[in-house]
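>>> Mind folding the following:
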Amino acid sequence: MLLAVDAGNTNVVFSIFDGEALRAKWRASSDPKRTADEYAVWLTQLMTLEDLRPSDVTQAIIANVVPAAAYHLTALCESFFQTKPMVIGDPKVDLGIEVRMERP
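Predicted coordinates:
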């Protein structure tokens, strides 16, 4: 299953997909000081309510506009889900899309 994380300025949305089917979705307020451990305690408890386990997650992707949260969200995926997330916006990630402007 895929863990998709959409981190915005107001909320962080965590979604679990089984193929194209959305299995669960949760929202937390954005806080760049929130640690991977804090996210994990909250998220794994909610997953349990949906009969999901951390080991069910085999892939992760993060879209993030809060640079200070990137480290903790990446650490969450690596430490608690044993998967290296694809981080949209990371210069090392090739999405196959050509952007014809300089990075800000």
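>>> so where do the helices sit in the protein?
36-49, 67-80 (DSSP state H).
>>> ok, residues contacting the first one?
It refers to helix 36-49. Helix 36-49 is contacted by residues 12, 14, 16, 24, 26, 28, 53-54, 56, 72-73, 75-76, 79-80 when judged by Cβ atoms under 8 Å, 6 or more residues apart in numbering. All C-beta atoms are positioned from the backbone trio N, CA, C, and that covers glycine.
>>> which residues of this structure fall in strands?
2-7, 11-18, 21-29, 59-64, 86-88 (DSSP state E).
>>> okay if I get the ones you listed as a markdown table plus distance to Glu102 and mean neighbour count?
Formatted as a markdown table, these follow (distance: least, Cβ to Cβ, whole Å; neighbours: other Cβ atoms under 10 Å):
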| stretch | distance to Glu102 | mean neighbour count |
| --- | --- | --- |
| strand 2-7 | 24 | 20 |
| strand 11-18 | 28 | 17 |
| strand 21-29 | 33 | 13 |
| strand 59-64 | 20 | 19 |
| strand 86-88 | 18 | 17 |
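>>> So which of those is nearest Val99?
strand 86-88 (12.2 Å; Cβ to Cβ).
>>> Pairing partners for that closest one, with directions?
strand 59-64 (parallel) (DSSP bridges).
>>> Output the strands of the chain as TSV; include the columns distance to Glu98.
Compiled in TSV, these are given as follows (distance: least, Cβ to Cβ, whole Å):
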stretch	distance to Glu98
strand 2-7	24
strand 11-18	27
strand 21-29	30
strand 59-64	19
strand 86-88	15
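>>> Mean pLDDT lowest where, among these?
Across the strands of the chain, strand 86-88 has the smallest mean pLDDT, namely a mean of 92.
>>> As CSV, could you dump the C-alpha coordinates of stretch 9-27?
Coordinates of the C-alpha atoms in stretch 9-27 are reproduced here as CSV (Å, rounded to 0.1, in the frame of the first residue of the first chain):
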residue,chain,number,x,y,z
ASN,A,9,0.7,25.4,5.5
THR,A,10,-2.5,24.6,7.4
ASN,A,11,-2.9,20.9,7.4
VAL,A,12,-1.0,17.7,6.7
VAL,A,13,-3.2,15.0,5.1
PHE,A,14,-2.2,11.4,5.3
SER,A,15,-3.8,8.9,2.9
ILE,A,16,-3.4,5.2,2.5
PHE,A,17,-4.0,3.8,-1.0
ASP,A,18,-4.4,0.1,-2.0
GLY,A,19,-3.7,0.4,-5.7
GLU,A,20,-6.1,3.1,-6.8
ALA,A,21,-8.5,2.6,-4.0
LEU,A,22,-8.4,5.1,-1.1
ARG,A,23,-8.4,3.0,2.1
ALA,A,24,-8.2,5.8,4.7
LYS,A,25,-7.5,9.5,5.1
TRP,A,26,-6.6,11.6,8.1
ARG,A,27,-5.8,15.3,8.6
